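Peer 1: kindly return the folded structure for what I paste below:
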Amino acid sequence: MGKNVKTKKLGGKIWFNLILFGLMGQIAWNVENVYFNTFLCNFIYGNASGSAVSNSISVTNAVAWMVALSAVTAVVTSFIMGNLSDKKNNRRLFISAGYILWGIVTGCFGFVSLDNTSKYFHLSDEAVILTTTVWLIIALDCLMTFMGSTSNDSAFNAWVTDVTDVTNRTNVETVFAVLPVLAMGIVLAVGGAAVTKLGYPAFFFSLGAFVTVCGIIGLFTIKDVPKEKEQTDSNYWQDIIYGFRPSVIKENSRLYLTLASVCVYSIAFQVFFPYLIVYLQHSSIAAGENFSSLLTPLRLTVLIAEVILTLLFFVFFLKNVNRFGKPAFLIPAAAVYSIGLVMLYFVHDLYPFIIIALPVVIGYGLLGIMLNAVIRDFTPESKAGLFQGVRMIFFVMIPMVVGPRLSVLAAKNSDVTYINDIGAVNVLPSSTMFLIAGISAALIFIPMLILIKKGLVPEKENSDEK
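Peer 2: Residues are numbered from 1 along each chain as shown. The predicted model follows:
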C-alpha cells in the first residue's frame, strides 16, 4: 500500500462484528482442532479396553480420518454455500443461522460416549462399540464443520471482503492474526480447567451455548453490503466451477500463487497441531503430568508474557509494513516459522519448548496476516463468495488431508505412547512431527518468491496512487 493512500475507516459496528464472530469462530475451530482430538484420545480411547483398541482403528488414524473428512466437508460446503450466499445477497442470514446451528451441533458432542453407543445402538462387542463411537464422532464433526464452514469460512469471510478494501485489510488481518492466539489462550486456560473440573459433556454444552448466542446477536448487528443485481444473476452451477477455469487461473495467477503459499505453511501447521496437546500430555516434555498440571501459575505467566510479546510484535509490524513493504516481512517470517519448527524437534523440556514456540507463532501469524490480506486484494470484486471454495481447498482440504497423514508417518516407531486406565497402549506422534513440519514449511519459498517477483500490489491500487 502506498504512503499517500488514505486508510478507509471502518465503523464501530463493523469492528464489533469482526471481533465477535472472528474470535468466537476461532474459539470453536480451536476446540475442534484441539479438544476433539483429546476427547477421542483421553475420553473415548481412554475408556476402551486393550482388546477394543487392538481390534479397532488406532487413535492416530482416527484423528487423521476425522481431520481429513472434516476438511473435505469444509471445502464442499464453501463451494456450495459461498456461492449461494452470493446469489441470495444475504450474508447476515448465512452467518447468524450458521452460528446458531453450529453451537447446537457442538453441544451434541456432550452426549457421545462408549456407554451411550452401546445403549442406543444395542451393541455388546467392545471393538464394535469403539469403532462405532469413533465414526459417530467423525460424522458429527463433519456436520458441525458444515455449519461452521457455512457461517464462518464461507459467509463471514466473504462478508469481511465485502466490507473492507485494500486500504484497511492489513489492519483487519492483523487483528485476525491476534484472534487465534487469544482464542488459543482462552481454549487452553478455560477449556483445560472446564474439562478437568466439569468433564467433556459440560464443556461441549457450554461452548455450544456461547456459539449459538453469538449467532443470535448477529441477527441484529450484521448489515449486508448492497450489490448490483447483475452481480447475482449468473448461472449457479457454472459459478461452482468458476475458480477452476484455466482462463480464470491465468487471469488471477497472483491469487493462486498466494493460495499455494498458504497451502504450504498450513500443511506444516496441520502436521503437528492436531496432536500438539496430546503430545505435550504424553511425551517426555510433560513427564507424565496431566493437562491441568501443565498450566501451573509460572507456566501460565510465561504463556501470557509470550502472548503480550506477540501482540507487541504485531503492533510493530502494523506500524511498519507500509514503510518496508510486505516482502521485507514475508521472507523472514517464513524462515523463522520453518526454522522454529525444526528446533522444536530437538527440544525435550517444557520451558525451552514454550520459548521456541514464540517465533513459530510469530512467523505463522505474520504469514497469515500478509497472505490473507493479499488474497482479499486479488479476489475479483463481486466474486468473493465464488472464490471461498477455492480458498478452502488451499486453506483447509489439502493441509488437513496431507498434514495429519504425515503425522501418522511420524507415529511409526514412536517412543510416545499413551497407556489408558484399562491398560491399552496407544502410539502417538513423536517430536519427529516437528521436523517433518519444518521441512514442509520451507517449501513455501517456491510459490512465495514467484509471487513477490510478480508484485503484491493490485493494479487498481497502483493506478490510484499515480
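Peer 1: now do V160, the pLDDT please.
Peer 2: Note on V160: pLDDT of 87.
Peer 1: which other helices and strands does the helix or strand hosting it contact?
Peer 2: Assigned by DSSP states H and E, V160 belongs to helix 157-163. Packing partners of helix 157-163 (3 or more C-beta pairs under 8 Å, 6 or more residues apart in numbering; DSSP states H and E): helix 59-88, helix 91-108, helix 388-392. (Each C-beta comes from the backbone N, C-alpha and C, glycine too.)
Peer 1: try 6 Å
Peer 2: Helix 157-163 is packed against no helix or strand, with contacts defined by 3 or more C-beta pairs under 6 Å, 6 or more residues apart in numbering; DSSP states H and E.
Peer 1: in the stretch 251-400 of the chain, where is pLDDT below threshold?
Peer 2: 282-307, 310-311, 314-315, 317-325, 381-386, 388 (pLDDT under 70).
Peer 1: in it, which spans are helices?
Peer 2: Secondary structure of the stretch 251-400 of the chain (DSSP state H, counting those that start in this stretch): helices at 253-272, 276-282, 291-294, 297-324, 326-345, 350-378, 388-392, 398-411.
Peer 1: mind listing what's buried in the longest one?
Peer 2: Read that as helix 350-378. Within helix 350-378, the residues that qualify as buried are 350, 353-354, 356-378, counting by 16 or more other C-beta atoms under 10 Å.
Peer 1: after the helix holding V160 comes which helix or strand?
Peer 2: Heading C-terminal from helix 157-163 (DSSP H and E), you reach helix 169-186.
Peer 1: what's the following helix or strand after that next one?
Peer 2: Taking DSSP H and E, what comes next after helix 169-186 is helix 192-198.
Peer 1: what's the offset of that following helix from the middle of its chain?
Peer 2: From the chain centre to the centre of helix 192-198 is a distance of 23 Å (C-alpha atoms, centre = their mean, to the nearest Å).
Peer 1: quick check: mean pLDDT across that helix?
Peer 2: 78.
Peer 1: measure how far stretch 339-352 is from the centre of its chain, please.
Peer 2: Using C-alpha atoms, centre = their mean, the offset of stretch 339-352 from its chain centre is 22 Å.
Peer 1: quick one: contacts of that stretch?
Peer 2: Residues from elsewhere that reach stretch 339-352 (C-beta atoms under 6 Å, 6 or more residues apart in numbering): S284, I285, F353, I356, P359, V360, S431, F434, L435, A437, G438, A441.
Peer 1: relative to S261, which of the residues you listed is nearest.
Peer 2: A441 (10.8 Å; C-beta to C-beta).
Peer 1: tell me which helix or strand comes right after the helix or strand hosting the closest one.
Peer 2: Assigned by DSSP H and E, A441 belongs to helix 432-442. As assigned by DSSP H and E, the chain's next helix or strand after helix 432-442 is helix 445-454.
Peer 1: how close does A442 get to M448?
Peer 2: For A442, the distance to M448 equals 11 Å [C-beta to C-beta, to the nearest Å].
Peer 1: I should have written Y345 there, sorry.
Peer 2: Taking C-beta to C-beta, one finds Y345 at 23 Å from M448.
Peer 1: and K454, by the same measure?
Peer 2: 11 Å.
Peer 1: who has more neighbours, those two?
Peer 2: Set side by side, K454 and M448 show more neighbours around M448, with 25 against 10, by other C-beta atoms under 10 Å.
Peer 1: so what's that one scoring on pLDDT?
Peer 2: At M448, pLDDT is 92.
Peer 1: kindly report the same for S51.
Peer 2: So S51 comes in at 80 (pLDDT).
Peer 1: for it, give me its contacts.
Peer 2: With C-beta under 6 Å, 6+ apart, S51 has these contacts: E126.
Peer 1: now Y256: closest residue in space that isn't a chain neighbour?
Peer 2: Residue nearest to Y256 in three dimensions, not counting chain neighbours: I249, with 5.6 Å by C-beta to C-beta, 6 or more residues apart in numbering.
Peer 1: next, count neighbours for the one you found.
Peer 2: With other C-beta under 10 Å as criterion, I249 counts 13.
Peer 1: for it, give me the backbone phi and psi.
Peer 2: Backbone torsions of I249, given as degrees, to the nearest 10, read phi -60, psi -40.
Peer 1: ok, it to G243 distance?
Peer 2: 8 Å.
Peer 1: which outside residues touch stretch 98-105?
Peer 2: Taking C-beta under 6 Å, 6+ apart as the rule, stretch 98-105 contacts L143, M144, M147, G148, T150, S151, G208, V211, T212, C214, G215.
Peer 1: still on that earlier bit, return the member of the contacts of stretch 339-352 nearest to F220.
Peer 2: Among those, and counting by C-beta to C-beta, the member closest to F220 is V360, at 39.2 Å.
Peer 1: and the closest residue to that closest one other than its chain neighbours, how far from V347?
Peer 2: Computed as C-beta to C-beta, 6+ apart, the closest residue to V360 that is not its neighbour in sequence is G340, at 3.8 Å. As defined by C-beta to C-beta, G340 lies at a distance of 10 Å from V347.
Peer 1: compare neighbour counts for the two and give me the winner.
Peer 2: Neighbour count, other C-beta under 10 Å: between G340 and V347, G340 has more, with 22 against 17.
Peer 1: state the distance from the more buried one to A183.
Peer 2: G340 is 21 Å from A183, by C-beta to C-beta.
Peer 1: do the same with F378
Peer 2: 27 Å.
Peer 1: what do you get for K119?
Peer 2: Distance from K119 to A183, by C-beta to C-beta: 35 Å.
Peer 1: who has more neighbours out of these two?
Peer 2: Neighbours were counted for K119 and for A183 using other C-beta under 10 Å; A183 has more, 20 against 11.
Peer 1: any regions of the stretch 51-200 of the chain where pLDDT drops low?
Peer 2: Those would be 82, 181, 188, if you go by pLDDT under 70 across the stretch 51-200 of the chain.
Peer 1: need the contact partners of stretch 122-129.
Peer 2: So stretch 122-129 is in contact with S49, S51, A52, N55, S56, L114, T117, S118, going by C-beta under 6 Å, 6+ apart.
Peer 1: number of residues surrounding V402?
Peer 2: 19.
Peer 1: so what's it closest to, chain neighbours aside?
Peer 2: I267 (5.2 Å).
Peer 1: count of residues packed around that neighbour?
Peer 2: I267, neighbours per other C-beta under 10 Å, totals 24.
Peer 1: so it touches P399, yeah?
Peer 2: Yes: look at I267 against P399 with C-beta atoms under 6 Å: they come within range, at 4.5 Å.
Peer 1: for the residue nearest to the spatial centre of the chain, which non-adjacent residue is spatially closest?
Peer 2: The centroid of the chain falls nearest to W29 when counting by C-alpha atoms, centre = their mean (5.9 Å). Distance criterion C-beta to C-beta, 6+ apart; nearest residue to W29, sequence neighbours excluded, is G148 at 6.9 Å.
Peer 1: tell me the SS of F16?
Peer 2: helix (DSSP: H, G, I helix; E, B strand; the rest coil).
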